[in-house]
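*Asks:* Fold the following.
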Amino acid sequence: MFQLEQTATFEQIIKKSRFLAIALLVTTEEEAKAAIAMHSDAGANHNCWAWRIGAAYRFSDDGEPSGTAGKPILAAIEGQSLDNIVVIVTRWFGGILLGSGGLVRAYGGTAAACLRSAPMIELKPSVEGLVRIDFSDLARVKARLQAVTDLTIAEERFTATGADLVLWVPEAEVDAVSRLVSDLTSGRSELRID
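*Replies:* Just a heads-up that it's a prediction; the model follows:
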């Protein structure tokens with residue numbers, strides 16, 4: 001899976017109709033709805049969209065014939081294996097009817113062209129873990145954990161004797177991180193995966 005690194009746009013004219021796509025990073029349904037509201041143009045004929053966040057997805061044809069706009073936009077998202085994304089394709093009608101097939105190609109093609117030009121990053125599967133560390137080991141362990149590629153220290157909660165570190169560990173690195181924590185603390189701490 002991939003996700004957008006930054007917002008992307010693409011515009012084209014198809015048989016005198018103007019199509020403008022914008023792709024944005026979102027992490028919740030509320031963010032997707034807010035992005036749709038912010039980037040829809042009231043002066044346009046149609047503001048069609050699709051979003052995908054994990055297993056959840058939605059799409060809208062916004063007045064275009066059923067299945068000719070939202071589904072092709074979603075297909076473009078899935079074709080690029082993207083997650084945490086909303087794509088809005090706005091159409092200003094140019095006076096020439098495109099027909100159902102033409103609309104599918106126009107909306108899906110505009111969304112796909114926008115996504116092909118967008119900078120993306122690969123999402124690596126991660127698991128949540130917890131490390132309980134004494135103060136004497138904390139600085140050294142944190143420094144080494146921060147050097148692990150794609151590992152995130154999501155939270156640091158101090159206790160009476162040290163700290164609890166909540167981590168997002170790449171699945172492929174769980175064994176290595178577990179050994180690292182155990183070795184650095186001489187077995188006093190361990191990585192627990194929830």
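*Asks:* For the rest of this, base every contact and every neighbour count on C-alpha atoms.
*Replies:* Fine.
*Asks:* where along the protein do the helices fall?
*Replies:* Along the chain, counting by DSSP state H, helices occupy 29-39, 70-79, 99-116, 135-146, 174-184.
*Asks:* could those helices go into CSV alongside distance to residue 10?
*Replies:* Formatted as CSV, the entries for the helices of the chain read as follows, by distance: least, C-alpha to C-alpha, whole Å:
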stretch, distance to residue 10
helix 29-39, 14
helix 70-79, 13
helix 99-116, 5
helix 135-146, 37
helix 174-184, 40
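*Asks:* OK, contacts around the residue nearest the centre of the chain?
*Replies:* Centre of the chain computed as the mean C-alpha position; nearest residue by C-alpha atoms, centre = their mean is residue 84, 2.6 Å away. If you count contacts by C-alpha atoms under 8 Å, 6 or more residues apart in numbering, residue 84 has them with 3-4, 25-28, 51-54.
*Asks:* Can you tell me which of the residues you listed end up in strands?
*Replies:* Helix and strand membership here follows DSSP state E; of the contacts of residue 84, those in strands are 3-4, 25, 51-53.
*Asks:* does residue 126 really touch residue 171, like I thought?
*Replies:* Yes. In terms of C-alpha atoms under 8 Å, residue 126 counts as a neighbour of residue 171; the distance is 5.0 Å.
*Asks:* Between the two, which is the more surrounded one?
*Replies:* Applying other C-alpha atoms under 10 Å to residue 126 and residue 171 shows that residue 126 carries more neighbours, namely 17 against 13.
*Asks:* bridging residues for the more buried one?
*Replies:* With DSSP bridges applied, residue 126 shows beta-bridge pairing to residue 170.
*Asks:* Model confidence score at it, please.
*Replies:* Reading off the per-residue confidence, residue 126 sits at a pLDDT of 82.
*Asks:* what residues are up against residue 105?
*Replies:* Going by C-alpha under 8 Å, 6+ apart, the list of residues near residue 105 reads residue 72.
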